[in-house]
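Novice: what follows is a predicted structure for the sequence shown.
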Amino acid sequence: MVDRASVMSSEPVKHGGGLKARLREEILSYLAISAYLYLCFGVLLLYKAGALNQEGIHYLPFGVAAVKALVLGKFLLIGDALGAGTRVKTRTLAMRIASRVGMLLVVLVVLTLLEEIGVGAWHGRSIGATLAELGGSARLETLASIVVLLLVLLPLVATQEVHRALGPGRLRQLLFQPPADAADGTSSSRRH
């Protein structure tokens, strides 16, 4: 069984089986990241739908959240494959997390921009028209989207980096097994 924390990690899990095992790892990682993104975007869309519903506008495009999660999930895997933020030497885990979040955010913004230009070209718009649309009246919304991506990346990358720092399986053990002092029936709060 594959450790879920290692699926979320940018470091590959060591398995035998060559290409088939690597493909399985990539698919599991892609699905786990996309599911996390879908959850985050779905909650934001639910909030937006609630606000619009109060104004009499019925809006609930969870399909948009799914497509965006799948696209950004692939972009994150591309960023990981490029080693975004992993080549910077840092002194602390917090600095490594910040570095990776920043570099992955840059990768997501650049690839999303290229995606928008491609979609615009598909619909017959010039690059200038597409960029003007992104930078025009939607400037505040674009900035908010970037900040949301930053906030979504932070726990994802922090989990990956803590997993990497602790070693394979250790994060899962810490999260899902009782603490050592719980085994003898005492808790640290009772001893003090």
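Specialist: Here it is on my side, so go on. Numbers count the residues shown, from 1 in each chain.

Novice: use CA for all of it now, contacts and neighbours both
Specialist: OK.

Novice: give me the low-pLDDT residue ranges for the chain?
Specialist: 1-17, 60, 135-138, 182-192 (pLDDT under 70).

Novice: okay, which residue is most central for it?
Specialist: Residue closest to the mean C-alpha point of the chain, counted by Cα atoms, centre = their mean, is L153 at 4.7 Å.

Novice: and the closest residue to that one other than its chain neighbours, what does it touch?
Specialist: If the residues on either side of it in the chain are set aside, L153 comes closest to V101, at 6.1 Å by Cα to Cα, 6 or more residues apart in numbering. Contacts for V101 (Cα atoms under 8 Å, 6 or more residues apart in numbering) come out as 85, 150, 153-154, 157.

Novice: let's have those residues in TSV, adding distance to L174.
Specialist: Converted to TSV, the contacts of V101 look like this (distance: Cα to Cα, whole Å):
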residue	distance to L174
G85	26
L150	26
L153	22
L154	20
V157	18
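
Novice: report the two of the residues you listed separated the most.
Specialist: Farthest-apart pair in the contacts of V101 is G85 and L150; separation 14.0 Å (Cα to Cα).

Novice: mind naming the longest helix for this protein?
Specialist: Counting residues, the longest helix found in the chain (DSSP state H) is helix 19-54.

Novice: and the next element down the chain from that helix?
Specialist: Next helix or strand after helix 19-54 toward the C-terminus (DSSP states H and E): helix 62-81.

Novice: now for that next one, which elements pack on it?
Specialist: Judged by 3 or more Cα pairs under 8 Å, 6 or more residues apart in numbering; DSSP states H and E, helix 62-81 is in contact with helix 19-54, helix 93-122.

Novice: what would those look like in CSV with distance to E133?
Specialist: Output for the helices and strands packed on helix 62-81, formatted as CSV (distance: least, Cα to Cα, whole Å):
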stretch, distance to E133
helix 19-54, 22
helix 93-122, 10
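
Novice: how close does A66 sit to Q160?
Specialist: 22 Å (Cα to Cα, to the nearest Å).

Novice: to clarify, my last question referred to K89.
Specialist: Taken as Cα to Cα, the span from K89 to Q160 is 17 Å.

Novice: more neighbours: which of those two?
Specialist: Set K89 next to Q160 and count neighbours by other Cα atoms under 10 Å: Q160 wins out with 20 against 10.
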